[in-house]
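**Q** Just to be clear, the model below is a prediction. Sequence and coordinates:
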Amino acid sequence: MKKVVSILIIMLVMLMVSCSSGYTSNYAQKSPDTVYYKGTGTARAVNITLSNAQGGTEQYSNIAVPFSFAYNNFPSNFMYLSAQNQGESGSITVEIYLNGNLIKRSSSSGAYVISTASAAK
């Protein structure tokens, strides 16, 4: 009887070790995404709305052009950047980069125009 119990315990331990040693989740393997927002153009100042790394929205007023915002750990699936020219003339181009790759660009020219870019991972 002791021999059967010992064999069952050894088999159970071997089963547990073999099941747990080879498993890695896809989530654990994925490295954090880096998102970089960039604005350029001839506009002097813009009002900005963007989605942040926590999935929320941030707004900034009278930001000088050019501008940039970087998030090194961006778990959210949605990226959004909008900039409104605050002057009578000028242009504004907004860009969204994901892990160093440009994924979206938008441009507008004129008084108080809005340039918006959005993307999903």
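**A** That came in fine, so what should we check first?
**Q** hey, let's count contacts and neighbours off CA atoms from now on
**A** Fine.
**Q** Any regions of this structure where pLDDT drops low?
**A** The chain contains residues with pLDDT under 70 at 1-31.
**Q** The residue nearest the centre of the chain and Leu98: what is the separation?
**A** Against the mean C-alpha coordinate of the chain, by CA atoms, centre = their mean, the closest residue is Phe74 at 3.8 Å. Taking CA to CA, to the nearest Å as the measure, Phe74 falls 9 Å from Leu98.
**Q** tell me the SS of the residue nearest to the centre of the chain?
**A** coil (DSSP: H, G, I helix; E, B strand; the rest coil).
**Q** mind listing the strands for this structure?
**A** 35-40, 45-51, 57-64, 67-71, 78-85, 91-98, 101-109, 114-120 (DSSP state E).
**Q** any chance of those strands in a markdown table, with mean neighbour count too?
**A** Below are the strands of the chain laid out as a markdown table (neighbours: other CA atoms under 10 Å):
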| stretch | mean neighbour count |
| --- | --- |
| strand 35-40 | 20 |
| strand 45-51 | 20 |
| strand 57-64 | 12 |
| strand 67-71 | 14 |
| strand 78-85 | 23 |
| strand 91-98 | 23 |
| strand 101-109 | 16 |
| strand 114-120 | 18 |
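**Q** rewinding a little: my read is that the residue nearest to the centre of the chain contacts Tyr36, right?
**A** No: using CA atoms under 8 Å, Phe74 makes no contact with Tyr36, being 9.8 Å away.
**Q** No more questions from me, cheers.
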